[in-house]
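Undergrad: Test case, fold it:
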Amino acid sequence: MKDTLLIIRSNREIAPLTFEMRLSGDLSDITVPGQFVNFSVPGKTLRRPISVCDCDGETLRVIYKVVGEGTKIMSDMGPGSIIGTLTGLGNGYDTSDSGTRPLLIGGGAGVPPLFWLCKKLIAEGKEPVVILGFNTSEEIFLKEDFESLGCEVRLTTADGSSGVKGFVTDALPEGYTCTYSCGPLPMLKAVYDSCDVPGQFSFEERMGCGFGACMGCTVKTQNGYKRICKDGPVLYREEILWQN
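TA: Modelled structure (predicted):
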């Protein structure tokens, strides 16, 4: 983890209330797909945790949705603005046992961290299949980015306005070797129930500090209590306990 200042290079709306921000600075602690950063927003006490979409060592790319005052302030920050950032947070995805045909499943705001993961898997000689789930066609983003990597992309929308009508589990392919997923809790549970292969699930919890000190995002697992910000956000299938 590193506390650093990053420079905003661009900040644009790519879908309704969904923004892509590119930043530069000291990114040396961002090393694994699935990690996140914590932005210090002017006028707000708590930082805003945002997943890493892509990072090449020179440019950090994040995609975030405006859901409150903090992210609204972020959306108004222009190129050249400086933003305090905790980098290299979380454990990220492990690609060592993914097999040859991993399945990447993202829903809404859970789509971005899968992009860097997809690039890494392809660089390792694997052939990922990607399922992207959104509510409507207006909300779709990153589809072309995934397609540009050369992988198979399946699209679902809840209202049927684009791709398969329904949810991500309605577009499952055959013959995948493992799953990597990120999205809202009901989606993760549906993936867990529908995919009987090894899997890694990225969870969202309300975070106070973002680095494990406040214990506010602690959840119970098969291996005891874990902090989503520090021991996660990625948990393995076999350790997940679903809360009723």
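
Undergrad: helix/strand/coil for the nearest residue to C217 once chain neighbours are set aside?
TA: Excluding its sequence neighbours, the residue lying closest to C217 (CB to CB, 6 or more residues apart in numbering) is E205, at 3.8 Å. Any C-beta I mention is one placed from the backbone N, CA and C, and that applies to glycine too. For E205, the secondary-structure state derived from DSSP: H, G, I helix; E, B strand; the rest coil is coil.

Undergrad: What are the phi and psi values at E205?
TA: phi -140, psi 160 (degrees, to the nearest 10).

Undergrad: Do I have it right that it meets C214?
TA: No - E205 lies out of contact with C214 (CB atoms under 8 Å); the separation is 11.6 Å.

Undergrad: which other helices and strands contact the helix or strand hosting P49?
TA: Per DSSP states H and E, P49 falls inside strand 48-55. Helices and strands touching strand 48-55, by 3 or more CB pairs under 8 Å, 6 or more residues apart in numbering; DSSP states H and E, are strand 36-39, strand 60-65, helix 69-75, helix 113-123.

Undergrad: List the buried residues for stretch 111-131?
TA: 111-121, 126, 128-131 (16 or more other CB atoms under 10 Å).

Undergrad: try stretch 156-168
TA: 156-157, 162-163, 167-168.

Undergrad: How about residues contacting the strand ranked longest in the chain?
TA: Identified as the longest strand of the chain according to DSSP state E is strand 2-15. Strand 2-15 is contacted from outside by 19-29, 59-60, 63, 74-75, 77-88, 138-141, using CB atoms under 8 Å, 6 or more residues apart in numbering.

Undergrad: Just want the angle from the helix or strand following it to strand 48-55.
TA: Sequence order places strand 18-24 as the next helix or strand after strand 2-15, per DSSP H and E. Strand 18-24 and strand 48-55 are oriented at 70 degrees to each other (axes from the mean of the first three to the mean of the last three CA atoms, to 10 degrees).

Undergrad: So what are the sheet partners of strand 18-24 and their directions?
TA: strand 2-15 (antiparallel), strand 60-65 (antiparallel) (DSSP bridges).

Undergrad: What mean pLDDT does the first one get?
TA: If you average the pLDDT over strand 2-15, you get 97.

Undergrad: Pull out the buried residues from it.
TA: Neighbour-count burial for strand 2-15 flags 4, 6, 8-9, 11, 15 (criterion: 16+ other CB under 10 Å).

Undergrad: Can you pull out the low-pLDDT segments for the protein?
TA: 244 (pLDDT under 70).

Undergrad: picking up where we left off before, ok now the longest strand of the chain, how far from the chain's centre?
TA: Distance of strand 2-15 from the chain centroid (CA atoms, centre = their mean, to the nearest Å) equals 16 Å.

Undergrad: Send me that strand as PDB with only the CA atoms.
TA: Only the C-alpha atoms of strand 2-15 are listed here, as PDB (Å, rounded to 0.1, in the frame of the first residue of the first chain):
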ATOM      1  CA  LYS A   2       1.200   3.500  -0.800                       C
ATOM      2  CA  ASP A   3      -0.300   6.900  -0.100                       C
ATOM      3  CA  THR A   4       0.500   9.100  -3.100                       C
ATOM      4  CA  LEU A   5      -0.700  12.000  -5.200                       C
ATOM      5  CA  LEU A   6      -2.000  11.200  -8.700                       C
ATOM      6  CA  ILE A   7      -2.600  13.600 -11.600                       C
ATOM      7  CA  ILE A   8      -5.900  13.300 -13.500                       C
ATOM      8  CA  ARG A   9      -5.200  13.100 -17.200                       C
ATOM      9  CA  SER A  10      -8.800  12.700 -18.400                       C
ATOM     10  CA  ASN A  11     -12.200  12.200 -16.800                       C
ATOM     11  CA  ARG A  12     -15.200  11.600 -19.100                       C
ATOM     12  CA  GLU A  13     -18.700  10.100 -19.100                       C
ATOM     13  CA  ILE A  14     -18.900   6.900 -21.000                       C
ATOM     14  CA  ALA A  15     -22.400   5.800 -20.100                       C
END
